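Colleague: dropping a prediction and its sequence here:
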Amino acid sequence: MDTVFDYEDIQLVPNKCIVNSRSECDTSVTLGKHKFALPVVPANMQTIIDEKIAIQLAEGGYFYIMHRFNPETRVDFIKDMHARGLIASISVGVKEEEYGFVEQLAADGLIPDYVTIDIAHGHSNAVIRMIQHLKKHLPETFVIAGNVGTPEAVRELENAGADATKVGIGPGKVCITKIKTGFGTGGWQLAALRWCAKAATKPIIADGGIRTHGDIAKSVRFGASMVMIGSLFAGHEESPGETIEKDGKVFKEYFGSASEFQKGEKKNVEGKKMHVEYKGKLQDTLTEMQQDLQSSISYAGGKKLEAIRTVDYVIVKNSIFNGDKVY
Ligand SMILES: NC(=O)C1=CN([C@@H]2O[C@H](COP(=O)(O)OP(=O)(O)OC[C@H]3O[C@@H](n4cnc5c(N)ncnc54)[C@H](OP(=O)(O)O)[C@@H]3O)[C@@H](O)[C@H]2O)C=CC1
Ligand SMILES: Nc1nc2c(ncn2[C@@H]2O[C@H](COP(=O)(O)O)[C@@H](O)[C@H]2O)c(=O)[nH]1
């Protein structure tokens, strides 16, 4: 591993513009059999997505991944999404009961379009076994496996049959893995993404650490096909979770999937809870993200997302904000 860096340390270098308007730039991306409006997916966390948001995103042409924390609702969720003519994209864990769940889906002919194996330490035999189980019983389903932070892990999960791997251990806003265990890609997520992308032969989803819309373009430059985002999607009108008022300002809760609040117990806690300022409508954020990414594509000197993948970059080591606050 050579030089490491993170989102803050990088600036992309502009190329000559070839469009007359940023609206000419196409931010769409294909993952598996479907095309989506943005290379962005809200995190599969309980304070980020619920059934209503999943429908809103799918109807709007955005990718989504439903979380796995109400396991008993997943069958009806798949049926409902398919009845509406929408993609069904769910998450699973690796505990014993999940094997039976996958077999039941296959027996009932309920085939999710996407299944994400959502585990903290994805470079494990438990995840490899689940990939193989999914591929055996649901061969048509696109399987996303994670999370990992090394090229070895990407190769092993791809070889086991994963259609995409999710990279990011510890860079999340409500993550405390890096502090509690000393491990992860926190602080060097962008470099880890580049390292993993060099080994990957299938799509990579960069997960965690996105703090500004420009970080999406940087992720694409360093090899991501899709970017998973939690904190920037927290705090919207539609966001699940408690709303509080403090000093005349409205906040909404955002908690980690490995937090005490999610688990209901203080065991192997690797996540925390925070309150984020109310952000208004989710669609407004998605629209702004799309406009910013269209602008990124224009600076890359192209009309499509692919233009970003080859731009030059410089390492500026934590100086790009120059004391400015972004949000
Ligand atoms: N992206 C990230 O950086 C991180 C994300 N998370 C999120 O938190 C949620 C909970 O994750 P997770 O605890 O994996 O899920 P689960 O609580 O469902 O645990 C899955 C299984 O893996 C075992 N397990 C968990 N961590 C380890 C480990 N480090 N080594 C060996 N076995 C392990 C668990 O056993 P046991 O509990 O007995 O060890 C359990 O049997 C997920 O949504 C995940 O995405 C959590 C931490 C980091
Ligand atoms: N270490 C932990 N990571 C977590 C936990 N819950 C979720 N996550 C990861 O964070 C990203 C979102 O990151 P953000 O910077 O965009 O907010 C999410 O997709 C998970 O991979 C947790 O409890 N601990």
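Modeller: Now that the structure is in, tell me what you want to look at. Numbers count the residues shown, from 1 in each chain. Ligands and ions are numbered 1, 2, ... in the order given.
Colleague: please make it C-alpha for all contacts and neighbour counts, starting now.
Modeller: Noted.
Colleague: residue boundaries of the helices in the stretch 1-150 of the chain?
Modeller: Here the stretch 1-150 of the chain has its helices, by DSSP state H, counting those that start in this stretch, at 51-59, 74-83, 96-107, 125-137.
Colleague: to residue 266, which of the ones you listed lies closest?
Modeller: Of all the helices of the stretch 1-150 of the chain, helix 96-107 sits nearest to residue 266, with 22.2 Å by C-alpha to C-alpha.
Colleague: now the helices of the stretch 1-150 of the chain in JSON lines, with mean neighbour count, distance to residue 155 and mean pLDDT?
Modeller: JSON lines is the format used below for the helices of the stretch 1-150 of the chain (neighbours: other C-alpha atoms under 10 Å; distance: least, C-alpha to C-alpha, whole Å; pLDDT from 0 to 100):
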{"stretch": "helix 51-59", "mean neighbour count": "18", "distance to residue 155": "30", "mean pLDDT": "98"}
{"stretch": "helix 74-83", "mean neighbour count": "17", "distance to residue 155": "30", "mean pLDDT": "98"}
{"stretch": "helix 96-107", "mean neighbour count": "14", "distance to residue 155": "23", "mean pLDDT": "98"}
{"stretch": "helix 125-137", "mean neighbour count": "19", "distance to residue 155": "11", "mean pLDDT": "98"}
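Colleague: flag every residue of the chain that's near ligand 1.
Modeller: 93-95, 118-121, 147, 168-170, 177, 257-258, 270 (C-alpha under 6 Å from any ligand atom).
Colleague: all strands in the stretch 51-200 of the chain, in order from the N-terminus.
Modeller: With DSSP state E, counting those that start in this stretch, the ranges of strands along the stretch 51-200 of the chain come out as 89-92, 114-118, 142-148, 164-167.
Colleague: can you list the strands that the longest one pairs with?
Modeller: On the basis of DSSP bridges, the sheet neighbours of strand 142-148 come out as strand 114-118 (parallel), strand 164-167 (parallel).
Colleague: from these, which stretch is densest packed?
Modeller: strand 164-167 (a mean of 28; mean count of other C-alpha atoms under 10 Å).
Colleague: give the rounded mean pLDDT of that strand.
Modeller: The average pLDDT for strand 164-167 rounds to 98.
Colleague: poorly predicted segments of this protein, please.
Modeller: Filtered on pLDDT under 70, the chain yields the residue ranges 1-2, 318-327.
Colleague: thanks again, I'm all set now.
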